[in-house]
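*Asks:* here is a sequence with its predicted model. Questions after.
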Amino acid sequence: MRILGIDPGSRLTGYGIIETIPNGYRYISSGVLKINADEFPQKLKQVFDGILQLVKEYQPQQMAIEQVFMSKNADSALKLGQARGAAICAVQTHDIPVFEYAARQVKQAVVGKGSAEKTQVQHMVKLLLNLQGAMQIDASDALGIAICHAHYAQTAQRLQIGIQK
């Protein structure tokens, strides 16, 4: 199964693509969509277009995306939610199922600790996918989201139950 992981943002949107293989995962691609439009609606279009291009190029069967984390700044959370919506709509044009995970779930699945730091997630992603060199934090977060989904999907398959969308 090929999974597209998305770490949404209105300035930087991280993406990571993996395939599940017996007893693990195989790295396909990762990176960051740099959103540089001046007006917010154009930023959302860039997110949509960028994700749509990734879907066309890599043909994932499923997408995993991080849920919105509500912090002190409500405006930032609303913009993040809109960027998520643009990414979700892009994959829905190809009827790709979308799965959402809280940041704590991702950290727990990848690091084994729900309160892990981003650098710990990045380190474990690199270990799990046997990657070397520098990696942008948004890309490693997206790969972590994809790994989290693969973990939950494989566990559900082993237990012969469906996972909730």
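*Replies:* Great, that's in hand. The shown structure was predicted, so the numbers you read here are calculated from the model rather than taken from an experiment.

*Asks:* give me the contacts around stretch 72-86.
*Replies:* 6, 8-10, 13, 40, 43-45, 47-48, 51, 65-66, 68-71 (Cβ atoms under 8 Å, 6 or more residues apart in numbering). (C-beta placed from N, C-alpha, C; glycine too.)

*Asks:* wait, stretch 136-143
*Replies:* With Cβ under 8 Å, 6+ apart as the test, stretch 136-143 has contacts from 5-7, 9, 12-16, 18, 27, 30-32, 66, 106, 118-119, 121-122, 125-126, 129.

*Asks:* go with 6 Å
*Replies:* Contact with stretch 136-143 is made by 5-7, 12, 14-16, 30-32, 118, 122, 125, as judged by Cβ atoms under 6 Å, 6 or more residues apart in numbering.

*Asks:* how about stretch 12-25: buried residues?
*Replies:* Neighbour-count burial for stretch 12-25 flags 12-20, 25 (criterion: 16 or more other Cβ atoms under 10 Å).

*Asks:* no no, stretch 92-111
*Replies:* 96, 98-101, 103, 105-111.

*Asks:* ditto for stretch 133-146
*Replies:* Neighbour-count burial for stretch 133-146 flags 135, 138-146 (criterion: 16+ other Cβ under 10 Å).

*Asks:* cool, and stretch 111-126?
*Replies:* For stretch 111-126, by 16+ other Cβ under 10 Å, it's 111, 116, 121-122, 124-126.

*Asks:* so what's T93 up against?
*Replies:* Here T93 is in contact with no residues (criterion: Cβ under 6 Å, 6+ apart).

*Asks:* now it: how far from P41?
*Replies:* As for T93, its distance to P41 is 18 Å (criterion: Cβ to Cβ, to the nearest Å).

*Asks:* and for A64?
*Replies:* A64 is 26 Å from P41, by Cβ to Cβ.
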